[in-house]
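K.L.:
Predicted coordinates and the sequence they were generated for:
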Amino acid sequence: MGEEEILEQRRSLAAPLIFFVVIVFHFATKWLQDLKKGASNTDKEIQLRGEIKQLLKEAASFSQPSTFAQAAKLRRSAAAKEKELANYQAQRCKEVVTYGVLVFRFWRSSVASVSQQLVQPFGNVLSWKTGGSLNNDVMVGIIPWLILCTRVSKFVCRLVK
């Protein structure tokens, strides 16, 4: 088995593997959103930050010894909201790190090869940082592949709803 055959076999497995990773992230995000009543991440984060500020402001307004229990309850609610916000940010961080690792791993190598006739006007864009075409096939780079996989997985997630 020659070096070129090993490279071709690795390249043929990379594209579906990357697509699988991207679609798993999108289904996990969709599942978490459905579990938490469906707001988008940024909307949910903004809402949580607002609720945390409001709860802490209300807790600060209770300064009398007779209202200590109410203030403590509001502070506990704010702490729970902060924990939920941290979970959302951790999920986003994992996704960014995974995308970064994929980009680092496949930066100068091609992820897939597509017939040049199928992607005629977009061949140079798809082969960004991979060296162009080989044997009348366009070599697809990691950045365009991640963009395409992200779009397709979001579309599939919407269809599954």
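P.N.:
That came through fine. Being a predicted model, the structure only gives us computed values, none of them experimental.

K.L.:
Pick out the residue closest to the middle of the chain.
P.N.:
What sits nearest the mean C-alpha location of the chain, by Cα atoms, centre = their mean, is Glu95, with 4.2 Å.

K.L.:
Please, which helix or strand holds that residue?
P.N.:
Take DSSP states H and E as the rule and Glu95 turns out to sit in helix 68-105.

K.L.:
can you pull the buried residues of that helix?
P.N.:
By neighbour count on 16 or more other Cβ atoms under 10 Å, the buried set for helix 68-105 is 71, 74-75, 77-78, 81-82, 84-85, 88, 95, 99, 102. Using the backbone N, CA and C atoms, a C-beta is placed for each residue, glycine as well.

K.L.:
Remind me what that helix packs against, helices and strands.
P.N.:
For helix 68-105, the elements it packs on are helix 3-35, helix 41-61, helix 142-160, judged by 3 or more Cβ pairs under 8 Å, 6 or more residues apart in numbering; DSSP states H and E.
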